[in-house]
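# coordinates for the following, if possible.
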Amino acid sequence: MSQVIQTPKKHIYLSRLVGYDYTIQYRSGKSNIVVDALSHVFEDSQGTFFILSVPHFTFLEQIKHDLAIHPEFKALR
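Predicted structure coming up:
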């Protein structure tokens, strides 16, 4: 490998690939059919929905509330 790994994300990917025996080969144009098919964006006539799921920890709100009324925590704060 002759390329310098500069970002933390690339370091993570490299650490995952180190244990494998693989070869990276360049395929140009139409000979690279699989990647070509994956890179196309297909227009859908129906609407597309994107869902974002975010955890909400209710116990954190309870801890904040309890600390806000606790006299020793107020003194330390």
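# quick check: phi and psi at the most centrally placed residue in the chain.
In the chain, the centroid-proximal residue (C-alpha atoms, centre = their mean) is residue 9; its distance is 9.4 Å. Main-chain torsions, residue 9, degrees, to the nearest 10: phi -60, psi -40.
# now do residue 73
Dihedral angles (degrees, to the nearest 10) for residue 73: phi -70, psi -40.
# separation between the nearest residue to it once chain neighbours are set aside and residue 9?
Residue nearest to residue 73 in three dimensions, not counting chain neighbours: residue 67, with 4.7 Å by C-beta to C-beta, 6 or more residues apart in numbering. (Each C-beta comes from the backbone N, C-alpha and C, glycine too.) For residue 67, the distance to residue 9 (C-beta to C-beta, to the nearest Å) stands at 36 Å.
# and for residue 63?
32 Å.
# quick check: the residue nearest to the centre of the chain vs residue 16, distance?
11 Å.
# next one: residue 25
In terms of C-beta to C-beta, residue 25 sits 20 Å off from residue 16.
# do residue 70 as well
45 Å.
# which one's more surrounded, the two?
residue 70 (12 against 9; other C-beta atoms under 10 Å).
# contacts for the helix or strand containing residue 60?
Here residue 60, judged by DSSP states H and E, is contained in helix 58-69. If you take C-beta atoms under 8 Å, 6 or more residues apart in numbering as the criterion, helix 58-69 is touched by 73-74.
# and residue 17, how many neighbours does it have?
11.
# kindly provide the distance from residue 32 to residue 25.
In terms of C-beta to C-beta, residue 32 sits 10 Å off from residue 25.
# with residue 54 instead?
In terms of C-beta to C-beta, residue 54 sits 40 Å off from residue 25.
# can you find the helix or strand of this protein with the lowest average pLDDT?
helix 33-39 (a mean of 65; mean pLDDT, DSSP states H and E).
# pLDDT below threshold where in this structure?
The model of the chain has pLDDT under 70 over residues 1-2, 33, 35-49.
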